[in-house]
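Trainee: The following comprises the amino acid sequence and a computationally predicted model.
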Amino acid sequence: MVGSTHWLRSLVLHSILIAAAAMMLMPFVWMFTTSLTPSAEILTPSLRLWPSQATLQHYREVVQAAPWLRYFWNTVVISTASALAILFTSSLAGFIFAKYRFPGRNLLFIIILGTAMIPFESYMIPFYLQIKELGWINTYAGIAAPLLIMSFGIFFMRQSIMTIPDELLDAARIDGATEFYIYRRVILPLSKPAMGALTILAVQNAWAFFIWPMIVTSDRSLFTMELGLAMFQRAFTVDYGRITAGSVITVIPVLIAFLILRRSIIRGVTLAGMKG
């Protein structure tokens, strides 16, 4: 009786998970199949999981209509700069909040977490004015500026570093190690799983960033892949074929990175949740 109950519970649980996974995958399946569907067939009322005659025409049109290699390079530059900056600031601040005691530490940490609740749009205009005063309009620095610090990253790295025993740090201090040496040679190597997970989060955030690059740059040579996609949406019509083809091209690099680092992501999230 116990065995049959366990089997039934497992069946129900897996059925729910499969249904939820199917619901989340359906938009991606629709995007991929639409990118292979001829334009005349896209807006037909009949629902098809696969086009009657698959074509790569939309992909050819996307590549010919815009310099996607340039857009891809711009996105890689901005995402890499964002990820490196977030890894450094988050790991260093996380180390300080996890292993040091100083007045106002908890209050300062709460304030940093509170900034995550403030929408970027609420301070976007004054931030733009500051970027303009610095002369960073139409530059990589101006596009990447809001992506250099992540409050969630500080929280995430703090939770991970708290699992590192204090005895390791004390032993390094006894051997004459400086605090930065401890951070570089002890904290960072032991935080690799969490940093791998944070890297994916940072890259994904920068990769999909749209509204700020659209405001801060008008130079098409600095366009990201997201801005390139926006060119296929006209005032009164939407070119679904080109948009979905461009979206597939945009998603593939992030998907590949996730597949490569998926174990680090799972391990990093698990370790970060071990100590609150």
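Mentor: Received the coordinates, thanks.
Trainee: Which residue comes closest to the residue nearest to the spatial centre of the chain once chain neighbours are left out?
Mentor: What sits nearest the mean C-alpha location of the chain, by Cα atoms, centre = their mean, is Gln204, with 2.0 Å. Closest residue to Gln204 apart from its sequence neighbours, by Cβ to Cβ, 6 or more residues apart in numbering: Val254 at 5.8 Å. Yep, even glycine has a C-beta here, placed from its N, CA and C like the rest.
Trainee: other SSEs contacting the helix or strand containing Pro27?
Mentor: Assigned by DSSP states H and E, Pro27 belongs to helix 2-35. If you count contacts as 3 or more Cβ pairs under 8 Å, 6 or more residues apart in numbering; DSSP states H and E, helix 2-35 packs onto helix 240-272.
Trainee: Is Ala177 in a helix, a strand, or coil?
Mentor: Three-state call for Ala177 (DSSP: H, G, I helix; E, B strand; the rest coil): coil.
Trainee: and the closest residue to it other than its chain neighbours, how many neighbours?
Mentor: Excluding the flanking residues, the one nearest Ala177 by Cβ to Cβ, 6+ apart is Arg185, at 7.3 Å. Arg185 has 13 neighbours, counted by other Cβ atoms under 10 Å.
Trainee: From Met195, how far out is Arg185?
Mentor: Taking Cβ to Cβ, to the nearest Å as the measure, Arg185 falls 15 Å from Met195.
Trainee: pLDDT value on Gly276, please?
Mentor: Gly276 carries a pLDDT value of 49.
Trainee: List the buried residues in the helix holding Pro27.
Mentor: Met31, Phe32, Thr33, Thr34, Ser35 (16 or more other Cβ atoms under 10 Å).
Trainee: any idea which of the residues you listed is the one closest to Phe156?
Mentor: For the buried residues of helix 2-35, the closest approach to Phe156 (Cβ to Cβ) belongs to Met31, at 29.4 Å.
Trainee: Does the closest one touch Ile249 like I think?
Mentor: No - using Cβ atoms under 8 Å, Met31 makes no contact with Ile249, being 11.0 Å away.
Trainee: Now do the domain split for the protein, please.
Mentor: Domain ranges of the chain: 1-55, 58-272, per automatic domain parsing.
Trainee: what's the most buried one of the ones you listed?
Mentor: Most buried of the domains of the chain by mean neighbour count (mean count of other Cβ atoms under 10 Å) is domain 58-272; its value is a mean of 17.
Trainee: I'd like to know the average pLDDT value across that domain.
Mentor: For domain 58-272, mean pLDDT is 88.
Trainee: Identify the residues contacting Met124.
Mentor: Listed by Cβ atoms under 8 Å, 6 or more residues apart in numbering, the contact set of Met124 reads Ile211, Trp212, Ile215.
Trainee: do the same with Asn74
Mentor: Contacts of Asn74 (Cβ under 8 Å, 6+ apart): Tyr140, Ser221, Leu222, Phe223, Thr224, Met225.
Trainee: Relative to Thr224, how far out is it?
Mentor: For Asn74, the distance to Thr224 (Cβ to Cβ) stands at 5 Å.
Trainee: got it, and Gly241?
Mentor: Gly241 is 21 Å from Thr224, where distance means Cβ to Cβ.
Trainee: do the same with Leu11
Mentor: Counting by Cβ to Cβ - Leu11 and Thr224 are separated by 45 Å.
Trainee: Over to Gly114?
Mentor: 29 Å.
Trainee: cool, Pro253 as well?
Mentor: Pro253 is 12 Å from Thr224, by Cβ to Cβ.
Trainee: likewise Phe102?
Mentor: For Phe102, the distance to Thr224 - Cβ to Cβ - is 40 Å.
Trainee: go on, Tyr140?
Mentor: On the measure of Cβ to Cβ, Tyr140 and Thr224 end up 10 Å apart.
Trainee: For these two, list the residues in contact with both.
Mentor: Asn74, Ile78.
Trainee: Need the contact partners of stretch 135-145.
Mentor: 74, 77-78, 81-82, 85, 127, 131, 134, 206, 212-213, 216-219, 222, 224.
Trainee: could I have stretch 44-63 exported to PDB, CA atoms only?
Mentor: Extracted in PDB, the C-alpha atoms of stretch 44-63 (Å, rounded to 0.1, in the frame of the first residue of the first chain):
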ATOM      1  CA  THR A  44      -3.200  31.700 -41.200                       C
ATOM      2  CA  PRO A  45      -5.800  30.700 -38.500                       C
ATOM      3  CA  SER A  46      -4.800  27.100 -38.500                       C
ATOM      4  CA  LEU A  47      -2.400  26.000 -35.700                       C
ATOM      5  CA  ARG A  48       0.500  23.900 -36.800                       C
ATOM      6  CA  LEU A  49       3.500  22.600 -34.900                       C
ATOM      7  CA  TRP A  50       5.500  22.500 -38.100                       C
ATOM      8  CA  PRO A  51       5.200  24.400 -41.300                       C
ATOM      9  CA  SER A  52       4.000  22.700 -44.400                       C
ATOM     10  CA  GLN A  53       7.100  23.800 -46.200                       C
ATOM     11  CA  ALA A  54      10.000  24.800 -44.000                       C
ATOM     12  CA  THR A  55      12.300  27.600 -45.300                       C
ATOM     13  CA  LEU A  56      15.400  29.500 -44.200                       C
ATOM     14  CA  GLN A  57      14.300  32.600 -46.100                       C
ATOM     15  CA  HIS A  58      13.700  34.600 -42.900                       C
ATOM     16  CA  TYR A  59      17.200  33.800 -41.600                       C
ATOM     17  CA  ARG A  60      18.700  34.900 -44.900                       C
ATOM     18  CA  GLU A  61      16.700  38.200 -44.900                       C
ATOM     19  CA  VAL A  62      17.800  38.900 -41.300                       C
ATOM     20  CA  VAL A  63      21.500  38.400 -42.100                       C
END
